[in-house]
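Q: mind folding the following:
(one chain, ligands or ions: 2)
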Amino acid sequence: MRIAQLLKSTEYGSQVVVKGWVRTKRGNKNVAFLALNDGSCLANIQIVVDLAKINEESLRTITTGACVAVSGTLVESLGAGQGVEVQAESIEIYGTADPATYPLQKKGHSLEFLRDIAYLRPRTNTFSAVLRIRHAMAFAIHKYFNDRGFYYLHTPLITASDCEGAGAMFQVTTLDVDNPPRTEEGKVDYSQDFFGKPCSLTVSGQLEGELGALSLGQIYTFGPTFRAENSNTPRHLAEFWMIEPEMAFYELEDNMALAEDFLKYLIAYALEHCREDLEFMNKMWDNELLERLQFVLDNDFVRLDYTEGIRILQESGRKFEFPCDWGCDLQSEHERYLVEEHFKRPVILINYPKEIKAFYMKMNDDGKTVRAMDVLFPKIGEIIGGSEREADFGKLRARIDELNIPEKDMWWYLDTRRWGSAPHSGFGLGFERLLLFVTGMGNIRDVIPFPRTPKNAEF
Ligand code: 4AD
Ligand code: MG
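A: Numbering: from 1, shown residues only. Ligands and ions are numbered 1, 2, ... in the order given. Reported below is the predicted structural model:
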């Protein structure tokens, strides 16, 4: 039986078998107490070992980190804070953990230390809590969209087009990089590569997602995306998961309403279904976590024009590390000023200058700004980026030409505007940014099981 189930049981006297990893062992000459955890929940179950019944030699090898199966009787616990415990009749040892070498022998390791042993950290309270919350959020995302008639579309991970146009892509090739075939001009001959042309790992499923929206009406993607930008910040990963809904017939206002409803649904879901883990995170890492989650639920997001945002920043009298004039891309310090200090709640910033946004966004009538939206959150900054898409064939092609994007990579995307084009919108939620917000963790490396960052792909 899983410990989460056992702890709720009132079937005192029943015979049970429970399997898990020893968190602590204490006791005296007559009796030993094991705190056993199997990952099903934060709480351990207490195992009471009568030394008269269990071989003393084998008990000695049951130390912190060891894996055991305990057969015994479920009894009502007299200790505070636990309803039941197991009186052991026999213990089978699956795997010992030598105290001299086991890295998690002691409690209270720093997050930095645990990052270096990422392959073991799910055995700690903190990381098991984070991973359970991560699971719950993934499940809630599918439930949210399924309940609203969105279809889950699997977009490719290997692609020939650079959606965000940032050029930060990981190349995929089977050519011999030390000695690739060459054309007569001496360039690498990609016609001999696996796909017959240069390909990369995708930075976003959006372009293919748009095809889905213009046929199935409402779709979402949820998968890994890859960015080869060399940014070593607490908010960037080279491999992260993104959720990208895309909706036919949605204008920017509908897109904003969906983004706000979606985020609030996920936060409410976490508060309802991950209570124990969230209370633990609140206690251990961020004393304002629960309050902040509830606050975001209870307040409307501000909708603000980029131009107005720049004016507020300039009139703030604040010295920013990066100055900001109309036309500049906002830095995290600017976003957080608007959210945490000026408005004191989430902000949806819209109508950005076209120069700092991707080619596919719908142009406003002013010819200078596009119908972009970034959702900015306290502590995080940008959590969602999205837009209404340019649906007009002529305008989209003009923009692609203006930016010198090779039409040979984009012809199929342009074709969606050639036949049966429709107004449509979508956005991308960074899954790990959401998890930073929901768990209260401060570093994005601590909300994904195996973080990929520059110079880090060990396990
Ligand atoms: O703003 P971005 O680049 O937007 C897109 O990729 C669009 N194609 C989305 C769409 O409209 N369908 O990325 C979207 C979100 C960001 O707001 C951020 O939360 C997250 O993805 N993100 C990252 N998360 C972790 N590490 C990185 N390097 C990230 N880059 C973006
Ligand atoms: Mg963005």
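
Q: how about the residues of the stretch 151-300 of the chain by ligand 1?
A: Proximity of the stretch 151-300 of the chain to ligand 1 (Cβ under 6 Å from any ligand atom) is limited to residues 163-164, 204, 206, 227, 236-237, 240, 242, 244. C-beta: built from backbone N, CA, C; applies to glycine.

Q: going along the chain, name the helices of the stretch 1-150 of the chain.
A: 3-6, 56-60, 111-116, 125-147 (DSSP state H, counting those that start in this stretch).

Q: so for ligand 1, which of those sits nearest?
A: Closest to ligand 1 of the helices of the stretch 1-150 of the chain is helix 125-147 (Cβ to the nearest ligand atom; 13.6 Å).

Q: average pLDDT across whichever helix or strand comes after the closest one?
A: As assigned by DSSP states H and E, the chain's next helix or strand after helix 125-147 is strand 151-152. The predicted model assigns strand 151-152 a mean pLDDT of 98.

Q: which strand or helix spans the residue nearest to Thr369 when sequence neighbours are not counted?
A: Excluding the flanking residues, the one nearest Thr369 by Cβ to Cβ, 6 or more residues apart in numbering is Asn351, at 4.5 Å. Asn351 belongs to strand 347-353 when assigned by DSSP H and E.

Q: paired strands for that strand, with orientation please.
A: Using DSSP bridges, the strands paired with strand 347-353 are strand 302-305 (parallel), strand 369-377 (antiparallel).

Q: got the contact list for it?
A: Applying Cβ atoms under 8 Å, 6 or more residues apart in numbering, the contact partners of strand 347-353 are 252, 256, 259-260, 301-307, 309, 326-327, 330, 335, 338-339, 364, 368-376.

Q: using PDB, write out every CA atom in it.
A: What follows is strand 347-353, C-alpha atoms only, in PDB (Å, rounded to 0.1, in the frame of the first residue of the first chain):
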ATOM      1  CA  VAL A 347       0.000  43.200 -15.500                       C
ATOM      2  CA  ILE A 348      -0.800  42.300 -19.100                       C
ATOM      3  CA  LEU A 349       1.400  44.600 -21.200                       C
ATOM      4  CA  ILE A 350       0.100  45.000 -24.800                       C
ATOM      5  CA  ASN A 351       0.800  46.800 -28.100                       C
ATOM      6  CA  TYR A 352       4.600  46.500 -28.100                       C
ATOM      7  CA  PRO A 353       6.800  48.200 -30.800                       C
END
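
Q: which ones among the residues of the stretch 151-300 of the chain next to ligand 1 map onto strands?
A: The strands, defined by DSSP state E, take in 240, 242, 244 from these.

Q: out of those, which is most surrounded?
A: Neighbour counts for these, by other Cβ atoms under 10 Å, peak at Glu244, which reaches 27 neighbours.

Q: my guess is that residue contacts Tyr220. True?
A: Yes - if you go by Cβ atoms under 8 Å, Glu244 and Tyr220 touch, sitting 6.4 Å apart.

Q: for the stretch 351-459 of the chain, what lies in contact range of ligand 1?
A: Within the stretch 351-459 of the chain, the positions near ligand 1 by Cβ under 6 Å from any ligand atom are 382-387, 426-428, 430, 432-433.

Q: give me the mean pLDDT for the strand holding Asn351.
A: Mean pLDDT, strand 347-353: 98.

Q: show me which of the contacts of strand 347-353 are buried.
A: Using 16 or more other Cβ atoms under 10 Å as the burial test, the contacts of strand 347-353 include 252, 256, 259-260, 301-302, 304, 306, 309, 330, 335, 338-339, 364, 369-376 as buried.

Q: what about Glu458, neighbour count?
A: 9.

Q: residue farthest from the centroid of the chain?
A: Computed with Cα atoms, centre = their mean, the residue of the chain farthest from its C-alpha average is Ala52, at 49.3 Å.

Q: nearest residue to Leu271 in space, please, no chain neighbours.
A: That would be Leu293: by Cβ to Cβ, 6+ apart, it lies 6.0 Å from Leu271.

Q: I'd like the distance from the helix or strand hosting the one you found to the chain centre, please.
A: Per DSSP H and E: Leu293 is located in helix 289-298. On the basis of Cα atoms, centre = their mean, to the nearest Å, helix 289-298 sits 19 Å off its chain's mean C-alpha point.

Q: which strands or helices does the helix or strand of the chain with the lowest mean pLDDT pack on?
A: Using mean pLDDT, DSSP states H and E, helix 56-60 stands out as the lowest-scoring helix or strand of the chain, at a mean of 88. With contacts taken as 3 or more Cβ pairs under 8 Å, 6 or more residues apart in numbering; DSSP states H and E, helix 56-60 sits against strand 84-95.

Q: what bits of the chain have low per-residue confidence?
A: For the chain, no stretch is flagged by pLDDT under 70.

Q: how's it carved up into domains?
A: For the chain, automatic domain parsing gives the domain ranges 3-95, 121-151+250-446.

Q: first vs last residue of the longest one, how far apart are they?
A: The stretch domain 121-151+250-446 measures 10 Å between its terminal residues, going by Cα to Cα, to the nearest Å.

Q: now the shortest one
A: Across its full length, domain 3-95 reaches 19 Å end to end, with Cα to Cα as the criterion.

Q: apart from its neighbours in sequence, what residue is nearest Gly327?
A: Per Cβ to Cβ, 6+ apart, closest to Gly327 is Pro353, 5.2 Å.

Q: beta partners for the one you found?
A: Under DSSP bridges, the beta-bridge partners of Pro353 are Thr369.

Q: next, work out how far apart it and ligand 1 are.
A: From Pro353 across to ligand 1, the span is 15 Å (Cβ to the nearest ligand atom, to the nearest Å).

Q: how many residues are close by that residue?
A: Residue neighbour count, defined by other Cβ under 10 Å, stands at 17 for Pro353.

Q: please enumerate the helices of the stretch 201-350 of the chain.
A: Under the criterion DSSP H, counting those that start in this stretch, helices of the stretch 201-350 of the chain are mapped to 206-216, 252-273, 275-284, 289-298, 306-315, 332-336.

Q: point out the most buried one among these.
A: Highest mean neighbour count among the helices of the stretch 201-350 of the chain (mean count of other Cβ atoms under 10 Å): helix 206-216, with a mean of 21.

Q: for it, name the packing helices and strands.
A: Contacts defined by 3+ Cβ pairs under 8 Å, 6+ apart place helix 206-216 against strand 218-226, strand 239-248, helix 407-418, strand 424-430.

Q: of these, which stretch is the most buried?
A: Highest mean neighbour count of the helices and strands packed on helix 206-216: strand 424-430, a mean of 25 (counted as mean count of other Cβ under 10 Å).
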